[in-house]
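*Asks:* predicted coordinates and the sequence they were generated for:
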Number of protein chains: 2
Amino acid sequence: MDIAHRTTDRQTPAEQRRRELLEAADRVVLRDGPQASMNAIAAEAGITKPILYRHFGDKGGLYRALAIRHTDALLSSLRAALDAPADRRRRVEATLDTYLASIEAMPQVYRFLMHPAEEPHQTEQGFDVGRHSAPLLRRMGEELGQVIAERVDLGPAAEAQARIWGHGIVGMMHAAGDWWLGERPCSREDLVRSLADLLWGRLAEADDRPDGPGF
Amino acid sequence: MDIAHRTTDRQTPAEQRRRELLEAADRVVLRDGPQASMNAIAAEAGITKPILYRHFGDKGGLYRALAIRHTDALLSSLRAALDAPADRRRRVEATLDTYLASIEAMPQVYRFLMHPAEEPHQTEQGFDVGRHSAPLLRRMGEELGQVIAERVDLGPAAEAQARIWGHGIVGMMHAAGDWWLGERPCSREDLVRSLADLLWGRLAEADDRPDGPGF
DNA sequence: AGACTGGTGTTACCGCAAGTAACTTACCGC
DNA sequence: GCGGTAAGTTACTTGCGGTAACACCAGTCT
């Protein structure tokens, strides 16, 4: 097959094309937000709609492919921070900071990933809860849970505990980051330190305020 | 349409009507999910589209009104749990449990609130800065932050810290709840206990596992 | 009475975006 | 050359959000 000598500079034409389309879609989505129309994306890629549909099936498929790209990139950054050689507190802070720096650097990508606005239109309306609830959060939660399970000694029921903590920590990071990105109430380091303090039990240690019963 | 036999309620007819419309919309949204069309909602209410638009402006307005109803209801439940007379750990657990019980009892409502899927989509986008991004999470985060600031003695920068923690804890609750609702990996009590343990610093206290460096 | 006003309701339409059908190339092995 | 497959097109259908424009039915002012 003559594909073999092509793979040196190109991959198979289909995949090459797919990459180009994804990059065009990326540009449009980053410019117009998740409401970007298929027509606009096709125009940006220099082609017309039906080709997009041949490549990605439907809008959800295209968006899913886009999301997977970015999600993978973010996850590998996070894995790197998680694997850095340092003590646990430093790793937690590095991971938080990596995540926050990422969403700070590309807020449009972040918005796209977190608020997909994908709607299967009018077909197939079942009430599946977890369907389009930001798969990025789920993946991050699962991965963090696995890391925790591998490295932290949690005694019995460690597996379940670790997954719960993974999803919980990721959710904490996400919500705090989302709010912080919108209001910028403090510096990134302050946010990282506060969240790490929270995970380090400072809520439990703090005293009640003099006037009322403690939270 | 005779109007005479509706003399029971003493509200202004407009508000009465608005309530009825919201209830109809509720039924449809709970049945069809956030993709429910304005036509369907109007049909359920026994009227036609333009009336909905006269009452709520646009689809976003209707959905916002719906969301506010449910959000207020949930928030008042949470406030009750937060104000119960008990020590801090018990309050945290009660709040977590209240939230989880709520989303467990009405997953469709929860899904609607969390995944609004509103898309301005054509004419006149550009105002509406805060857009989607689940206002419920923001409100819960702000409220919890306020409660923490009021009741917990955090020393200097307490205000900022409390808000961060509020959003962080709410996000933790949300993400863990979302995942739990989808997979049901454990009982509600187990989840509550694990999350409270996380907030109580058990991640910091736990030892590394024998084979590798700790997370 | 009779015109004026305001709320409720309708039908019929526009614009737009997702998705599809049917046709037209161009390339590649034989 | 010839037939098949992939890329590409135009032109359509469907369905939804949103908006006229008009109709009906209180009360109410003169």
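*Replies:* Structure's in. What do you need? Numbering: from 1, shown residues only, chains lettered A, B, ... in the order given.
*Asks:* once you drop chain neighbours, what's closest to residue A:46?
*Replies:* Excluding the flanking residues, the one nearest residue A:46 by C-beta to C-beta, 6 or more residues apart in numbering or on different chains is residue A:24, at 7.7 Å. To be clear about C-beta, it is placed using only N, CA and C from the backbone, and glycine gets the same treatment.
*Asks:* and for the one you found, the neighbour number?
*Replies:* Residue A:24 has 19 neighbouring residues, counting by other C-beta atoms under 10 Å in any protein chain shown.
*Asks:* okay, now the unreliable bits of chain A?
*Replies:* A:1-13, A:115-134, A:211-215 (pLDDT under 70).
*Asks:* tell me the contacts of the residue nearest the centre of it?
*Replies:* Centre of chain A computed as the mean C-alpha position; nearest residue by C-alpha atoms, centre = their mean is residue A:136, 4.0 Å away. Listed by C-beta atoms under 8 Å, 6 or more residues apart in numbering or on different chains, the contact set of residue A:136 reads A:67, A:71, A:74, A:113, A:114.
*Asks:* what's the distance between it and residue A:44?
*Replies:* From residue A:136 across to residue A:44, the span is 24 Å (C-beta to C-beta, to the nearest Å).
*Asks:* go on, residue A:73?
*Replies:* To residue A:44, residue A:73 is 21 Å away according to C-beta to C-beta.
*Asks:* try residue A:137
*Replies:* 29 Å.
*Asks:* which SSE is residue A:155 in?
*Replies:* Taking DSSP states H and E as the definition, one finds residue A:155 inside no helix or strand.
*Asks:* please name every helix or strand in contact with the host helix or strand of residue A:182.
*Replies:* Using DSSP H and E, residue A:182 falls within helix A:158-183. Other elements packing on helix A:158-183 under the criterion 3 or more C-beta pairs under 8 Å, 6 or more residues apart in numbering or on different chains; DSSP states H and E are helix A:88-105, helix A:107-114, helix A:135-151, helix A:188-199, helix B:135-151, helix B:158-183, helix B:188-199.
*Asks:* change it to 7 Å
*Replies:* Applying 3 or more C-beta pairs under 7 Å, 6 or more residues apart in numbering or on different chains; DSSP states H and E, we find helix A:158-183 packed against helix A:88-105, helix A:135-151, helix A:188-199, helix B:135-151, helix B:158-183, helix B:188-199.
*Asks:* of all the ones you listed, which one comes closest to DNA strand D?
*Replies:* Closest approach to DNA strand D among the helices and strands packed on helix A:158-183 (C-beta to the nearest atom of the strand): helix B:135-151, 17.8 Å.
*Asks:* ok now that closest one, how far from the chain's centre?
*Replies:* In terms of C-alpha atoms, centre = their mean, to the nearest Å, the centre of helix B:135-151 is found 12 Å from the chain centre.
*Asks:* try stretch A:149-165
*Replies:* With C-alpha atoms, centre = their mean, you get 23 Å for stretch A:149-165.
*Asks:* and that stretch, end to end?
*Replies:* 10 Å (C-alpha to C-alpha, to the nearest Å).
*Asks:* return the set of buried residues in that stretch.
*Replies:* A:149, A:151, A:152, A:154, A:160, A:161, A:162, A:163, A:164, A:165 (16 or more other C-beta atoms under 10 Å in any protein chain shown).
*Asks:* a markdown table for those, including distance to residue A:59?
*Replies:* Output for the buried residues of stretch A:149-165, formatted as a markdown table (distance: C-beta to C-beta, whole Å):
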| residue | distance to residue A:59 |
| --- | --- |
| A:149 | 37 |
| A:151 | 40 |
| A:152 | 41 |
| A:154 | 42 |
| A:160 | 37 |
| A:161 | 39 |
| A:162 | 36 |
| A:163 | 32 |
| A:164 | 34 |
| A:165 | 35 |
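*Asks:* which of these sits closest to residue B:174?
*Replies:* Nearest to residue B:174 among those, counting by C-beta to C-beta, is residue A:164 at 13.4 Å.
*Asks:* got a list of what the closest one touches?
*Replies:* B:176, B:191, B:194, B:195 (C-beta atoms under 7 Å, 6 or more residues apart in numbering or on different chains).
*Asks:* what about those, which one has the most neighbours?
*Replies:* Highest neighbour count within the contacts of residue A:164, by other C-beta under 10 Å: residue B:176, with 29 neighbours.
*Asks:* re the thing from before, for the residue nearest to residue A:46, helix, strand, or coil?
*Replies:* helix (DSSP: H, G, I helix; E, B strand; the rest coil).
*Asks:* what's the spacing between it and residue A:41?
*Replies:* The gap separating residue A:24 from residue A:41 is 6 Å, by C-beta to C-beta.
*Asks:* my guess is residue A:45 contacts residue A:22. True?
*Replies:* No: contact between residue A:45 and residue A:22 fails when scored by C-beta atoms under 7 Å: they sit 9.3 Å apart.
*Asks:* contact residues of chain A facing DNA strand D?
*Replies:* When proximity is defined by C-beta under 7 Å from any atom of the strand, chain A lies next to DNA strand D at A:13, A:14, A:17, A:42, A:46, A:47, A:48, A:49, A:50, A:51, A:54, A:122.
*Asks:* one more time with 6 Å, if that's ok
*Replies:* A:14, A:17, A:47, A:48, A:49, A:50, A:51, A:54, A:122 (C-beta under 6 Å from any atom of the strand).
*Asks:* spell out which residues of chain A are next to DNA strand C.
*Replies:* Looking at DNA strand C, the residues of chain A close enough under C-beta under 6 Å from any atom of the strand are A:2, A:37, A:38, A:39, A:49, A:50, A:53, A:58, A:59, A:121.
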